[in-house]
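Peer 1: The sequence and its predicted three-dimensional model are supplied below.
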Amino acid sequence: MENLIEFIPFGIYTKDIHGRYIMSNSEFAHRVYGLGKDEIVGKKMEDLKERFQGLNFEYHLRQSEDFLAHPEIDFQ
């Protein structure tokens, strides 16, 4: 499964309930932060703010926080 996720040409990641990255593929880590996937694991967006390569860090941070504030959402 890890190989499949790694070679998908789209950014993929998961976070824990505290907002820390617990998994990422290389595409996501490089495109968003310019780092290797192992360099973002265990960190929050705030920890990587200086590396963020998106257009609007605050917007993406708010979206992430809003999502984490509602753990009752079930995507099954």
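Peer 2: Structure received. Numbering: from 1, shown residues only.
Peer 1: What separation is there between the most centrally placed residue in the chain and Tyr33?
Peer 2: Residue closest to the average C-alpha location in the chain (Cα atoms, centre = their mean): Tyr13, at 4.8 Å. Distance of Tyr13 to Tyr33, given as Cβ to Cβ, to the nearest Å: 10 Å. Backbone N, C-alpha and C define where each C-beta goes, glycine included.
Peer 1: joint contacts of those two?
Peer 2: Ile40 (Cβ atoms under 8 Å, 6 or more residues apart in numbering).
Peer 1: sorry, back to before: now the residue nearest to the centre of the chain, which residues is it bridged with?
Peer 2: Beta-bridge pairing for Tyr13 (DSSP bridges): Ser24.
Peer 1: Number the chain from 2, please
Peer 2: Fine by me, first position is 2 from now on; the one you just mentioned is Tyr14.
Peer 1: What ranges in this protein fall below the confidence cut-off?
Peer 2: Applying pLDDT under 70 to the chain flags residues 72-77.
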